[in-house]
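Chemist: Give me a 3D structure for the following:
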Amino acid sequence: MEPHSHPTTLSDFILGSQDGIVNVLGILLGLLAAGTSSKLILIAALAALAAESISMGAVAYTSTLSRRSLYLSEVERERREMVEVPEEERREVREILGGWGFDGAEKEEMLRRIESKPRAMLDIMMAFELRLAPVQADQARQSALLVGGATVVGSFIPLLPVFFTSNPWAIGIGSVVLSASMLFAVGWYEARTTLGSLWTSGTRMVVIGLVAGFAGFLIGHVLGALP
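Modeler: Sure, this is the predicted structure:
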């Protein structure tokens, strides 16, 4: 049996872990290129880790609250329209049913059955007319914790070599290898829980992360060469 994952949980995990890896890798390579000591690199990266994890968690919390507010407001609007303009709502349900292949008397029978269950009709309108998914009351808190936690974990991956060596080359190569491996694993996990290609998804994650890290390296190299 293939593994399953709630789509929001998966996207939160990918968002946090990828951001943590890419952000700290870029900072670390930039500071290495500028000739910064391993101690200062560790201090700067840990400061970035703390700020980024809190920021990402807060963004996840507020954005999820906004999605919940939008969903609830649309639910209320649809409920009013079902009472105030029922024929317009019936027309919209007919269009949805027609898109599913229902026609003629069969379509009208399905409409009658759906209309007799207001909750079913509301759910159909929310999902297939407005294309909005429900957002639970505790989802904002869960999303904030998952994104923030994944950011912390991801941020530590590029930092691991700093705890074992002070050699700049060893730190840089180790960070790139560990980050690329973790990014590939995140992409692989994404593909395993969706319908994507394992290699394509993993490689895409690696390319995104290393491009960002290389950008940090170039900036550090240029600024480090300035008098």
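
Chemist: Quick check: Gln139 touching Thr9?
Modeler: No. Between Gln139 and Thr9 there is no contact under CB atoms under 8 Å: 9.8 Å. (Glycine included, C-beta is placed from N, CA and C.)

Chemist: the more surrounded of the two?
Modeler: Set Gln139 next to Thr9 and count neighbours by other CB atoms under 10 Å: Gln139 wins out with 20 against 14.

Chemist: Could you find the closest non-adjacent residue to that one?
Modeler: Leaving aside its chain neighbours, Gln139 sits nearest to Thr64 (5.6 Å; criterion: CB to CB, 6 or more residues apart in numbering).

Chemist: Can you tell me how far that neighbour is from Ser11?
Modeler: For Thr64, the distance to Ser11 (CB to CB, to the nearest Å) stands at 11 Å.

Chemist: Then Arg77?
Modeler: 26 Å.

Chemist: neighbour count winner among the two?
Modeler: Between Arg77 and Ser11, Ser11 has the larger neighbour count (other CB under 10 Å), namely 16 against 12.

Chemist: other SSEs contacting the host helix or strand of the more buried one?
Modeler: Using DSSP states H and E, Ser11 sits in helix 7-33. If you count contacts as 3 or more CB pairs under 8 Å, 6 or more residues apart in numbering; DSSP states H and E, helix 7-33 packs onto helix 38-84, helix 139-159, helix 168-193, helix 198-225.
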